[in-house]
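S.K.: fold the following, please.
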Amino acid sequence: MRAFLLFFFLLSSVPASFAEGRCDVHVPVQRAELGELSLVYQSVGAPRDPALLLVMGLGGQLIHWPDDVVEALCLQGFRVIRYDNRDVGLSRWNQLPASANLTIELLRYKLGLPVSAPYTLTDMANDGVRLMDALQIRQFHVLGVSMGGMIAQHIAAMAPQRVRSLTLVMSSSGAAGLPAPNPALVQLLARRGAPSREVAIEQQADLLAALGSPQVSDDRAVLRQQAAQAYDRAFNPDGVKRQIMAILAEPSRVELLNQLRVPTLVVHGTADPLLPVMHGVHLAAHIQGSQLRLIPGLAHRFQEPFKAPLLGAVLPYLQAHRQDVTHIAGL
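M.R.: The predicted model follows:
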């Protein structure tokens, strides 16, 4: 309740004209050409406001950041930048490998053998930094969810003087020995490619339902609508496989985390079926000075009843570390 009241107060304190003029979440997406990469992004908010880079998780597109969450972040005076990671959505990576066998790499992972991946999470973190370079943004805040949180950890490590604050939601350190995902969820993730649009949408709706909280009854029609929107915008199952391989190939980030000195907030749900709550606890324990916020009932999705407590945790932290970004031409 306190989180909801805080969220309501923060939003109600913003003039309507500010929201209408500066926080239009329907502004057109743009494309940044970065050599072998072509990243599609959307910038919401005033160019001179402190920048907040949103990094999405496995297979997620920029549309998977709920519009009302993006607007709420922008209303607090941030320039919110969300983008499609390489290999998903409308972004393109022009160095596709001749072959990449996820089944073989999964077997190697289970046997404790090194996993080969076409690219790494460090490469994906560098994509985000290069996007900030292209936008001539010197300093920025970073908020990553799930795999996006793993990428965000690398962004903070490779550019500590540029990252004003780091927020990690539903993420992990990747350390060995942490609780495994729900087995039923693993089976859904491991399903082979769908033969048709209809099957793909049903499979994605199944996955969304499994990632949700047991405290929330999902409307199947809404889940299908969300899955159809993502499918019709872009469908690249091979890209998702390559992202999975990048995760599997990543060693534990504990040593990297122990060296971070960026202000960090870790937010995790107590009902997360993919990365159980101890992933968040362990993550916070290895980042010096970090804060940990556990949200009862939150699973591994932005479900409606949990948006207020999520924003109630994130917005005050961002405001506490708010600083003007530095824009440098010709980076």
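S.K.: okay, now the closest residue to Asp206 other than its chain neighbours: neighbour count?
M.R.: By the measure of CB to CB, 6 or more residues apart in numbering, the closest residue to Asp206 outside its immediate chain neighbours is Leu188, 5.8 Å from it. Yep, even glycine has a C-beta here, placed from its N, CA and C like the rest. Neighbour count for Leu188, taken as other CB atoms under 10 Å: 16.
S.K.: do Leu131 as well
M.R.: Neighbours of Leu131 using other CB under 10 Å come to 19.
S.K.: same question for Val277.
M.R.: By other CB under 10 Å, 18 other residues sit near Val277.
S.K.: was I right to think it contacts Leu283?
M.R.: No. Assessed by CB atoms under 8 Å, Val277 is found out of contact with Leu283, at 10.6 Å.
S.K.: common neighbours of the two, please.
M.R.: His268 (CB atoms under 8 Å, 6 or more residues apart in numbering).
S.K.: in the helix or strand harbouring the residue nearest to Asp206, what's buried?
M.R.: Using DSSP states H and E, Leu188 maps to helix 183-189. For helix 183-189, the neighbour count (16 or more other CB atoms under 10 Å) marks 185, 188 as buried.
S.K.: CA-only coordinates of it in CSV, if you can.
M.R.: Backbone C-alpha positions of helix 183-189 (Å, rounded to 0.1, in the frame of the first residue of the first chain) are rendered in CSV as follows:
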residue,chain,number,x,y,z
PRO,A,183,11.3,-27.6,-14.4
ALA,A,184,8.0,-27.1,-16.1
LEU,A,185,9.2,-23.6,-17.2
VAL,A,186,12.5,-25.1,-18.6
GLN,A,187,10.4,-27.5,-20.7
LEU,A,188,8.5,-24.6,-22.2
LEU,A,189,11.7,-22.7,-23.0
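S.K.: and the following helix or strand past that helix, what does it pack against?
M.R.: Under the assignment DSSP H and E, the closest C-terminal helix or strand after helix 183-189 is helix 197-211. With contacts defined as 3 or more CB pairs under 8 Å, 6 or more residues apart in numbering; DSSP states H and E, the packing partners of helix 197-211 are helix 183-189, helix 220-233.
S.K.: for those helices, could you give me TSV that also reports mean pLDDT?
M.R.: Formatted as TSV, the helices and strands packed on helix 197-211 follow (pLDDT from 0 to 100):
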stretch	mean pLDDT
helix 183-189	88
helix 220-233	98
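S.K.: nearest to Arg261, out of these?
M.R.: helix 183-189 (34.3 Å; CB to CB).
S.K.: which residues does that closest one contact?
M.R.: 180, 203, 206-207, 210-211, 273-274.
S.K.: need the buried ones from these selected in ChimeraX.
M.R.: In ChimeraX, this line selects whichever of the contacts of helix 183-189 come out buried by 16+ other CB under 10 Å:
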select :203,206,207,210,211,273,274
